[in-house]
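1. prediction below, plus the sequence it came from.
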Amino acid sequence: MYSLSSSDYAPDAFEVRVSELLVATAEGGDALISGAVSEVLALLREKLAMDVVFVSEFVDGRRVFRRVEADADKRVFEEGQSHPLEYTFCQRVVDGRLPQMVKNFATHPATQELPKLPFPIGSYLSVPVVLNDGRVYGTLCCFSFAENDSLTQRDLKKLEMSAQLTARRIDEVRAREAEAAMAHWSLAPTDHDDEGLAGALAALKPKPRRDH
């Protein structure tokens with residue numbers, strides 16, 4: 001994990017903006033966080049001089065692209081597209097086989113085992129998106145077609161902050177979906193409270209719908 005002391009670290013405009021969005025998300029300000037992830041992906045691409053930025057989800061052994069930020073002529077994949085997870089650098093970053101930052105993809109020894117790609121990768125940054133319950137949702141990644149020797153640990157820190165924002169946004173959406181699902185259920189009184197969890201679960205039943 002990258003860290004700097006307060007004496008040698010002054011947040012730039014990007015970091016300030018992400019911090020504001022993190023606070024807005026934590027406080028549940030829906031109006032403030034609407035579009036937050038898309039905004040941050042666009043800012044990342046600009047500030048880090050990357051060609052493609054994306055959020056992926058790991059689903060049933062595949063990497064699924066959920067958000068993609070790139071110019072039209074540089075969109076090498078689309079949202080909803082997927083690949084076998086084992087053959088992606090996303091999986092290898094998460095399990096530690098690849099570093100989170102590579103400035104020269106072609107010459108880095110850890111990248112030589114990856115399948116040949118239909119487009120060039122010069123450099124990349126990649127961090128896991130970790131949800132509140134500790135599960136890895138997927139990754140937040142960005143890459144350039146040309147190598148970039150100017151990448152720093154502070155750039156990686158920007159990506160980590162953005163991944164934290166993304167995770168909070170996903171947690172918020174899932175929490176609302178769970179609340180909406182539970183709104184259709186009620187816990188009826190039961191004479192079997194001493195039967196513990198089994199009795200409680202047996203008492204769950206759908207709320208009757210009212211015909212209008």
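-> Done, it's in. Residues are numbered from 1 along each chain as shown.
2. going by C-alpha atoms from here, please, whenever you check contacts or count neighbours.
-> Will do.
3. which element is Ser126 on?
-> strand 123-130 (DSSP states H and E).
4. that strand pairs with which strands, and in what direction?
-> Taking DSSP bridges as the criterion, strand 123-130 forms sheet pairs with strand 101-102 (antiparallel), strand 136-144 (antiparallel).
5. buried stuff in the longest one?
-> The one in question is strand 136-144. For strand 136-144, burial by neighbour count (16 or more other Cα atoms under 10 Å) applies to 137-144.
6. in the protein, where's the longest helix?
-> helix 153-182 (DSSP state H).
7. wait, Gln164 touches Asn132, no?
-> No - using Cα atoms under 8 Å, Gln164 makes no contact with Asn132, being 9.7 Å away.
8. between these two, who's got more neighbours?
-> Gln164 (21 against 13; other Cα atoms under 10 Å).
9. enumerate every residue touching the closest residue to that one other than its chain neighbours.
-> Excluding the flanking residues, the one nearest Gln164 by Cα to Cα, 6 or more residues apart in numbering is Val129, at 6.8 Å. Neighbour list for Val129: 136-140, 163-164, 166-167 [criterion: Cα atoms under 8 Å, 6 or more residues apart in numbering].
10. separation between the one residue sitting closest to the centre of the chain and Thr139?
-> In the chain, the C-alpha nearest the mean C-alpha coordinate belongs to Val129, at 4.0 Å (Cα atoms, centre = their mean). Val129 sits 5 Å away from Thr139, going by Cα to Cα, to the nearest Å.
11. where in the chain is the helix or strand with the lowest mean pLDDT?
-> helix 30-33 (a mean of 37; mean pLDDT, DSSP states H and E).
12. on that earlier part again, which stretch among the strands paired with strand 123-130 comes nearest Ser82?
-> Nearest to Ser82 among these is strand 136-144; the distance by Cα to Cα comes to 12.4 Å.
13. give me the mean pLDDT for the closest one.
-> Averaging pLDDT along strand 136-144 yields 96.
14. what's in contact with it?
-> 45, 49-58, 63, 90, 94, 121-131, 159, 162-163, 167.
15. just to revisit the earlier point, bridged to the residue nearest to Gln164, which residues?
-> Gly138.
16. roughly how far does it sit from Pro84?
-> 18 Å.
17. ok, now Asn148?
-> As judged by Cα to Cα, Asn148 and Pro84 stand 27 Å apart.
18. more neighbours, those two?
-> When neighbours are counted by other Cα under 10 Å, Asn148 and Pro84 differ, and Asn148 comes out ahead with 19 against 14.
19. can you give me the pLDDT of that one?
-> For Asn148, the model assigns a pLDDT of 95.
20. so what's it closest to, chain neighbours aside?
-> Lys103 is the one closest to Asn148 (Cα to Cα, 6+ apart), at 5.3 Å.
21. tell me where the protein has helices.
-> 13-26, 30-33, 36-47, 89-94, 153-182, 197-202.
22. rank the ones you listed by pLDDT, which is bottom?
-> helix 30-33 (a mean of 37).
23. tell me which residues in stretch 96-109 are buried?
-> 98-106.
24. now swap in stretch 118-131 and tell me
-> So stretch 118-131, judged by 16+ other Cα under 10 Å, has buried residues 121-131.
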